[in-house]
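Colleague: structure of the sequence below:
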Amino acid sequence: MTAEIFQDLGRAPVIKEFVSSRASSGDTNSLINGVGRGGRRDGVEEDGGRVGAYWGEMGVTGRRRWRMVAMGQTALSGERLRQTDEFLAEAWADLVRHDERLRGTTVEVRFDRGVAHLTGAVADPAQLRLVRELIGRLSGVLGVWCRVAVGGRAPVVVDLGCGATKQWPGNLGLDIYPAPGVNAVANLAGSLPLRDASVDVFFAVHIVEHLIDFLPLFDECHRVLRPGGVLHVMSPWWRHVNAVADPTHVRLLDVQTFKGICGQRPPGTPRWYPLHVGCDGASVFADLTPLPPDAPPPPASHLARFFD
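Modeller: Got it, this is the predicted structure:
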């Protein structure tokens with residue numbers, strides 16, 4: 001490989017250019033079809049969901065030069081997200097009208113830039129799981145964020161690294177620095193000052209990218225969440241400028257990061273089940289619920305909804 005040029009301007013394609021040594025004429029690989037000695041061939045092919053544009057030529061040395069253009073996901077515009085929210089609101093209202101399992105539900109659903117915000121009350125955890133699952137199946141949903149009372153009990157919701165901004169005013173705010181809205185000062189890289197199985201919902205919105213090692217925080221959330229509790233994560237997508245514009249960002253995240261969290265950690269470490277994972281080209285979203293030690297892993301058919 002002689003050169004690599006990466007360009008990312010307003011979600012422009014990433015370009016790689018390099019020299020591939022192939023001794024025999026008519027040689028092939030997974031992206032480029034064979035090019036005869038001294039010949040040249042241009043074209044565009046798809047490889048693993050990405051589009052590759054290449055050019056190649058073979059001389060007496062049998063060396064081929066080619067360029068691949070990897071088309072990245074483009075961040076959704078504000079207008080596109082607004083229209084998606086309108087579609088999702090109509091789709092959910094239609095589902096409530098026609099699905100007998102949702103008759104009498106008092107859960108209120110508001111869509112904001114592809115994220116479903118759930119409030120209200122349900123009689124039991126099974127009803128909340130049903131509502132979450134059905135909303136998560138709608139095309140265009142990036143995450144399903146909840147603050148729903150279950151069986152007459154209001155949820156305990158904690159905002160991690162909230163600063164002065166909470167996802168809901170009544171949430172408990174934890175941050176390393178005191179600020180209006182921060183209820184307790186805590187180092188999120190260490191142990192959380194919360195009892196085992198005492199929290200229903202965690203929000204980690206634009207916080208994970210600030211931690212060199214965020215797995216201890218996830219392990220702490222696993223410890224503190226009640227059965228059926230949810231950790232909501234939102235962070236900049238690694239290929240968007242927001243991921244690198246802030247000099248305090250020390251980690252890059254992708255949808256596949258959560259595949260590793262949910263299925264590739266060593267035995268004996270806390271395990272997670274992905275309720276929903278998404279990306280809008282600017283941010284990645286994940287809704288995770290803790291798995292008990294003896295629970296089976298998530299089925300491959302479920303993981304295939306989100307991960308390669």
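Colleague: residues of stretch 204-224 that come out buried?
Modeller: Buried residues in stretch 204-224, counted by 16 or more other Cβ atoms under 10 Å: 204-211, 214, 217-224. The way it works is simple: take the backbone N, C-alpha and C, and place the C-beta from them, glycine included.
Colleague: for stretch 164-184, same thing?
Modeller: For stretch 164-184, a neighbour-count test (16+ other Cβ under 10 Å) marks Lys166, Gln167, Asn171, Leu172, Gly173, Leu174, Asp175, Gly181, Val182 as buried.
Colleague: can I get those residues in JSON lines including distance to Cys262?
Modeller: Supplementary listing: the buried residues of stretch 164-184 in JSON lines, determined by distance: Cβ to Cβ, whole Å:
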{"residue": "Lys166", "distance to Cys262": "27"}
{"residue": "Gln167", "distance to Cys262": "23"}
{"residue": "Asn171", "distance to Cys262": "25"}
{"residue": "Leu172", "distance to Cys262": "26"}
{"residue": "Gly173", "distance to Cys262": "27"}
{"residue": "Leu174", "distance to Cys262": "24"}
{"residue": "Asp175", "distance to Cys262": "27"}
{"residue": "Gly181", "distance to Cys262": "31"}
{"residue": "Val182", "distance to Cys262": "30"}
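Colleague: among those residues, name the ones in helices.
Modeller: The members of these all map outside helices under DSSP state H.
Colleague: what's the closest of the residues you listed to Glu108?
Modeller: In terms of Cβ to Cβ, no member of those lies closer to Glu108 than Gln167, at 15.3 Å.
Colleague: bridge partners for the closest residue to that closest one other than its chain neighbours, pull those for me.
Modeller: The spatially closest residue to Gln167, leaving aside those adjacent along the chain, is Phe203, at 4.9 Å (Cβ to Cβ, 6 or more residues apart in numbering). With DSSP bridges applied, Phe203 shows beta-bridge pairing to Asp159, His232.
Colleague: what's around Phe203, how many residues?
Modeller: Other residues within reach of Phe203 by the criterion other Cβ atoms under 10 Å amount to 23.
Colleague: which stretches of the chain form strands?
Modeller: Using DSSP state E, the strands of the chain run over 14-21, 40-47, 50-57, 63-70, 108-112, 115-122, 143-150, 157-160, 172-175, 184-185, 199-205, 225-236, 271-279, 283-291.
Colleague: mind listing what's buried in the last one?
Modeller: Yep, that's strand 283-291 we're talking about. By 16+ other Cβ under 10 Å, the buried positions in strand 283-291 come out as Ser283, Val284, Phe285, Ala286, Asp287, Leu288, Thr289, Pro290, Leu291.
Colleague: my guess is the fourth one contacts Val277, does it?
Modeller: Right, the one you point to is Ala286. Yes - at 4.8 Å, Ala286 and Val277 qualify as touching, with contact defined as Cβ atoms under 8 Å.
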